[in-house]
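J.: Okay, predicted coordinates and the sequence, questions at the end:
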Amino acid sequence: MSQPTPANPPPRKRSPVPALLGIAAIVAAIAGAFAWVGGWFGERLTPQRMTDTIEAGKPHPGYRRAHTKGVCVAGTFAPSAQAPGLSKARVFTQASTPILGRLSIGGGDPHGADAQARVRSVALLLKTDDGQEWRMAMNSFPFFVVATPEAFQAQNIASAPDPATGKPDPARMAAFLEQYPEAKKFLAWAKSAPWSNSWANTQFNGVNSFWFTDAQGQRRAVRWSLRPQAPFEALSEAQRKQSDADFLSEEFDARLAKTGPVKWDLVVTEAKDGDPIDDPSQPWPQDRPQVVAGTVSFTATSPQATGGCRDINYDPTVVPDGIEPSKDPILAARSAVYSVSFNRRQHEIGAGQAPEATGAAKGEAK
C-alpha cells in the first residue's frame, strides 16, 4: 500500500513564529504515543506506518519509540474506603495490589536531558489476586493537544523538520493551528505552567475518559489523576540549564533513600451531563465531584533495561472488570501504536539489541 501523500504546505513565511515552533517541539515529544487505524486524507494509514513516521528513520533498537528515557518502579496500590462505591473492580476491594510501573520523560532520545523535557509521564500495571490487570498511562499535561487522531496526524506533518533548516516550518504550524484551534490551549499550558523539580511532586493526568460500573450496575464516566503527596516545587529556567542530564532519576533515588516510599493519591473525577466524554482535548470544569480512590506508593527503582517494566506494554485499554474504555478515538489509537512499538522492541531485544543499563540509558516509557 502506498504511503499517504500530505497536502502541499502553504508558502513559507519569512518571519519566524517562535510560539508555533514551541508547540511543535513539545507535541513532537509525545507524538510516539498515538496512532490510528482509520483513514487520514482519504487513504488508510496503518499503525505500522505511523510507527515508521515516529521513528523518522532513526530508531533506537531495544528502546520504546516514545517516552524513550525512563526508569522502572515498583510499589503498591491501597484502595480507600470510598473506592468500592466507584467501581466493582477487584483492585478497589483487595487490601493491596502490587505495581510494576515506569517513570519517564517525553521524547524519543534514550540519552535526552531530563531538564529539557517538558512532558513527564508515568505508566502503571496493577495485577490483582485473581489475575485481572489494570494498565494506565498518564502525563503531566492536563489535556491532550487535539481531539482526534486525524488532527494529531496533521500536527505530526506540520511539525516535521524542514530538510533545509532542520526545524519545523512556521507556516505549516500556523496552518495547523488555523485548522485545529483547540491546540492553542495546549500551547498556552506549555508556555505558562511551571515545571516541577521532581517526578515525586508532579501531578500525572489521565486525559482520556473511562466508564466505571459499581456492584449495583450503575455506570459513571470518569477521568483520573495521580496527585502527589509531596509539595510542589518549581524548577526554574536557570536550574534547567544547570541540571545534570539524569537529575530526575538521581533525585528520585535520593528521595527514596532518605524518606522512604513516594506517594500519590489516585483521584477519580466524575463527569456530569454534557461534559465531553470522548474528547481528550477538553478539560472538565473544576467543580466536578472528585473521590480519592486510594494511594499509589513507589518503593524502589531499577534500570529499564533489566527491570520489571522492560517487557510490559502499558496499553491503557487493558482494564479489569468494572472499568471500560470510552469511545475516545485516541484510546484506540494509543493501543494500536503501542502494540506495534512493543513488538518491534521485543524483536530487537531478542536479536541482542537491548539497551545498556548504564548511565543515561536508564530509560524507556509507555
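T.: Great, that's in hand.
J.: what is the rounded mean pLDDT of the helix ranked longest in the chain?
T.: The single longest helix within the chain, with elements called by DSSP state H, is helix 329-350. In this model, helix 329-350 carries a mean pLDDT of 84.
J.: Send over that helix as PDB, restricted to the C-alpha atoms.
T.: Taking Å, rounded to 0.1, in the frame of the first residue of the first chain, the C-alpha atoms of helix 329-350 are listed here in PDB:
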ATOM      1  CA  PRO A 329     -10.600   7.600  19.500                       C
ATOM      2  CA  ILE A 330      -7.300   8.500  21.000                       C
ATOM      3  CA  LEU A 331      -7.500   5.500  23.200                       C
ATOM      4  CA  ALA A 332      -7.900   3.100  20.300                       C
ATOM      5  CA  ALA A 333      -5.000   5.000  18.600                       C
ATOM      6  CA  ARG A 334      -2.700   4.500  21.600                       C
ATOM      7  CA  SER A 335      -3.500   0.800  21.800                       C
ATOM      8  CA  ALA A 336      -2.700   0.300  18.100                       C
ATOM      9  CA  VAL A 337       0.700   2.000  18.000                       C
ATOM     10  CA  TYR A 338       1.700   0.700  21.400                       C
ATOM     11  CA  SER A 339       1.300  -2.800  20.100                       C
ATOM     12  CA  VAL A 340       3.500  -2.200  17.000                       C
ATOM     13  CA  SER A 341       6.200  -0.400  19.000                       C
ATOM     14  CA  PHE A 342       6.200  -3.200  21.600                       C
ATOM     15  CA  ASN A 343       6.600  -5.900  19.000                       C
ATOM     16  CA  ARG A 344       9.400  -4.200  17.300                       C
ATOM     17  CA  ARG A 345      11.200  -3.600  20.500                       C
ATOM     18  CA  GLN A 346      10.800  -7.200  21.700                       C
ATOM     19  CA  HIS A 347      12.200  -8.400  18.400                       C
ATOM     20  CA  GLU A 348      15.200  -6.100  18.800                       C
ATOM     21  CA  ILE A 349      15.800  -7.300  22.300                       C
ATOM     22  CA  GLY A 350      15.600 -10.900  21.200                       C
END
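J.: Counting by contacts, list what it packs against.
T.: With contacts taken as 3 or more CB pairs under 8 Å, 6 or more residues apart in numbering; DSSP states H and E, helix 329-350 sits against helix 47-55, helix 149-158. Backbone N, C-alpha and C define where each C-beta goes, glycine included.
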